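Student: Here is a sequence together with a model predicted from it:
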Amino acid sequence: MSWFEAIARPDIRSLQPYQHASWEPGLVRLHANELPWRSLADASEAGLNRYPEPHPLALAARLAELYQIDAGSVLACRGSDEAIDLLTRCYAQHGRDAVLIAPPTFGMYAICARVQGAAVIEVPLRRAAGYEPDLPELLAALTPAVKLVYLCSPNNPTGNLIGRAQILELAAALAGQALLVVDEAYVEFSGARSLSTELAAQPGLVLLRTLSKAHGLAGARCGAVLAHPEIINLLRRVIQPYAVTQLTIEAVFHALEPKPLAETRTHVAMVIAERERMAFALATRAAVLRVWPSAANFLLVEFRDPGAALECCHTAGLLVRDLRRAPTLGQALRISVGTPEQNDRLLASLP
């Protein structure tokens, strides 16, 4: 047994997965208690009266092609949120285990741990260093209870990309003790390569990817875990059968055809250009204290009076994210990059 399987919950390792109805789409289905007729409202290709593939291997194979990785190292799931939940349930035992996070960062890492009854250890990112993690502090905070260490790169909500060498150094240091889970939800906007090429050398490294951001499929809810096949097989024990809906599967296959993929690349380039234009323009506003560098599809902006800035945006018909309750972000708002017209409207709303 590998170390990254041995540190998982023993009861999950021995769990017998749910035995779903067999998947043989070429045969007439009289074995899954489905309705034999399609609804008049059903515009899907395969028919929503039938269950989708329990664990969609064809979808995993297509995502593997997209991410240039072996299909056995991919688990398709309902966005990164479900991926975080699956990892937490597999590796964090109630009242015994812990996860380590580096705030300010995506809130679901801590929420999933607390729902599971696991402890949450926090090692804050260093504001003075552009919200970089402190590797010696992260390693000093490591205890035998820690099974998962989460990093988001580019980080949400600060927008900074964490150095590749730094992440790989941490993964090597954690080997045999804990998985390093790197959330790459925004990597397409960074210009940096995914860490997927490092998975073979670092089997304790787990990557989270999503089609919600760059591919414009937030409403479809499709993400992926990229990891060693043994980790993927462990997660398969607890993921619900039929988790990814038929409509999502079809939407993803259409979105990953050549023409939509070319459009995705165009949209990503537009977001990057608009991000830089907005950052420059916002930095000239009297209301703005600081615009933090961003490798994502949003900007972290500190205001002299963030409440007044929120009201200005709201009056202009725009919602931005209030981050004032987050540690070290008491003056900050997070602004997603919109269309050029939307961005112009936001800039015009601020003094």
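Tutor: Great, that's in hand. Computed from a predicted structure; not experimentally measured.
Student: for stretch 6-20, what is the average pLDDT?
Tutor: What stretch 6-20 shows for mean pLDDT is 88.
Student: can you pull the buried residues of that stretch?
Tutor: For stretch 6-20, a neighbour-count test (16 or more other Cβ atoms under 10 Å) marks I7, A8, R9, I12 as buried. For every residue, glycine as well, the C-beta is placed using N, CA and C.
Student: Please apply the same query to stretch 336-346.
Tutor: The neighbour-count check on stretch 336-346 (16+ other Cβ under 10 Å) flags S336, V337, G338, N343, L346 as buried.
Student: Skipping adjacent residues, who's closest to the first one in space?
Tutor: Taking Cβ to Cβ, 6 or more residues apart in numbering as the measure, S336 lies nearest to F298, with 4.7 Å between them; neighbours along the chain are not counted.
Student: which ones are touching S336?
Tutor: Contacts here follow Cβ atoms under 8 Å, 6 or more residues apart in numbering; on that basis S336 touches N297, F298, V320, R321.
Student: Buried members of these into ChimeraX, please.
Tutor: Per 16+ other Cβ under 10 Å, the buried members of those correspond to this ChimeraX selection:
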select :297,298,320
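Student: can you map out the strands along the stretch 151-300 of the chain?
Tutor: 179-183, 205-210, 223-226, 288-291, 298-303 (DSSP state E, counting those that start in this stretch).
Student: I'd guess V149 is in a strand, am I close?
Tutor: Yes. When DSSP: H, G, I helix; E, B strand; the rest coil is applied, V149 is found to be in a strand.
Student: from what I can see it touches A92, true?
Tutor: No. Counting by Cβ atoms under 8 Å, V149 sits too far from A92 to count as a contact (11.9 Å).
Student: what about these two, which has more around it?
Tutor: V149 (30 against 27; other Cβ atoms under 10 Å).
Student: any idea how far the more buried one is from L174?
Tutor: Distance of V149 to L174, given as Cβ to Cβ, to the nearest Å: 6 Å.
Student: what sits in contact with each of the two?
Tutor: L142, L180.
Student: Just the residues contacting stretch 39-56, thanks.
Tutor: 20-21, 23, 25, 29, 32, 34-38, 59, 76, 236, 239, 241-242, 244-247, 249-250.
Student: rerun at 6 Å
Tutor: With Cβ atoms under 6 Å, 6 or more residues apart in numbering as the contact definition, stretch 39-56 has outside contacts at 20, 23, 32, 34-35, 38, 76, 241-242, 244, 246-247, 249-250.
Student: ChimeraX command for the buried members of the residues you listed?
Tutor: Buried residues within the contacts of stretch 39-56, by 16+ other Cβ under 10 Å, are selected in ChimeraX with:
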select :23,76,241,242,244,246,247,249,250
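Student: Now render the contacts of stretch 39-56 as JSON lines, adding distance to N156.
Tutor: Below are these laid out as JSON lines (distance: Cβ to Cβ, whole Å):
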{"residue": "H20", "distance to N156": "34"}
{"residue": "W23", "distance to N156": "36"}
{"residue": "A32", "distance to N156": "39"}
{"residue": "E34", "distance to N156": "39"}
{"residue": "L35", "distance to N156": "41"}
{"residue": "R38", "distance to N156": "40"}
{"residue": "A76", "distance to N156": "22"}
{"residue": "P241", "distance to N156": "30"}
{"residue": "Y242", "distance to N156": "29"}
{"residue": "V244", "distance to N156": "23"}
{"residue": "Q246", "distance to N156": "30"}
{"residue": "L247", "distance to N156": "27"}
{"residue": "I249", "distance to N156": "27"}
{"residue": "E250", "distance to N156": "28"}
